[in-house]
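1. What shape does this take:
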Amino acid sequence: MIRAALPPEVYERIRTGDLAQRGRRIAELIEAARPEAPEDIKRLTARNIQYHVVATTWFYYRFRFGLSAADTVSAATLAIATAILGLPPEPAEGERHDG
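-> Numbering: from 1, shown residues only. A predicted model of the protein is given here:
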């Protein structure tokens, strides 16, 4: 809807700027979490994380898979923390992961 509502040049400028800023922040987080990792692994990890925070992924979680907003956040967090970074997920306040 946003793409349809904005002129193409405005949409692309917003999208590109947002992606670049998000990419820099993700790279900083990866560097802080895994400074010893090889650069190519850090680069691919950044792309995987970017994939999990874009609207299309969230759309699938919410509407194709039928997850609640809270479960969508948990699913993305779990994917990023465990499968991508290899870190144990930190439960949100009041959240439990006991199956």
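2. pLDDT score assigned to residue 10?
-> Note on residue 10: pLDDT of 54.
3. Show me the shaky parts of the chain.
-> Residue ranges of the chain with pLDDT under 70: 1-17, 83, 85, 87-99.
4. Let's see that with 90 instead.
-> 1-24, 26, 29-30, 32-60, 73, 75-99 (pLDDT under 90).
5. mind listing what's buried in stretch 55-65?
-> By 16 or more other Cβ atoms under 10 Å, the buried positions in stretch 55-65 come out as 57, 58, 61. For every residue, glycine as well, the C-beta is placed using N, CA and C.
6. in stretch 27-35, what's buried?
-> residue 30.
7. ok, now stretch 64-73?
-> Of the residues in stretch 64-73, 67, 72 count as buried by neighbour count, 16+ other Cβ under 10 Å.
8. so which strand or helix has residue 51?
-> Using DSSP states H and E, the element containing residue 51 is helix 39-52.
9. Roughly how far does residue 53 sit from residue 29?
-> As judged by Cβ to Cβ, to the nearest Å, residue 53 and residue 29 stand 11 Å apart.
10. for residue 69, what are its contacts?
-> For residue 69, the contact set (Cβ atoms under 8 Å, 6 or more residues apart in numbering) comprises residue 62.
11. Do a quick rundown of the helices in the protein.
-> 2-5, 8-33, 39-52, 55-59, 69-78 (DSSP state H).
12. Turn these into TSV, columns for distance to residue 84.
-> Converted to TSV, the helices of the chain look like this (distance: least, Cβ to Cβ, whole Å):
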stretch	distance to residue 84
helix 2-5	27
helix 8-33	9
helix 39-52	5
helix 55-59	13
helix 69-78	10
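13. What residues sit buried inside the helix holding residue 51?
-> Residues of helix 39-52 classed as buried: 42, 45, 46, 49, 52 (neighbour count, 16+ other Cβ under 10 Å).
14. hmm, who's touching stretch 43-51?
-> For stretch 43-51, contacts defined as Cβ under 8 Å, 6+ apart pick out 19, 22-23, 26-27, 29-30, 34, 37, 57, 80, 84-85.
15. How much space separates residue 75 from residue 28?
-> From residue 75 across to residue 28, the span is 23 Å (Cβ to Cβ).
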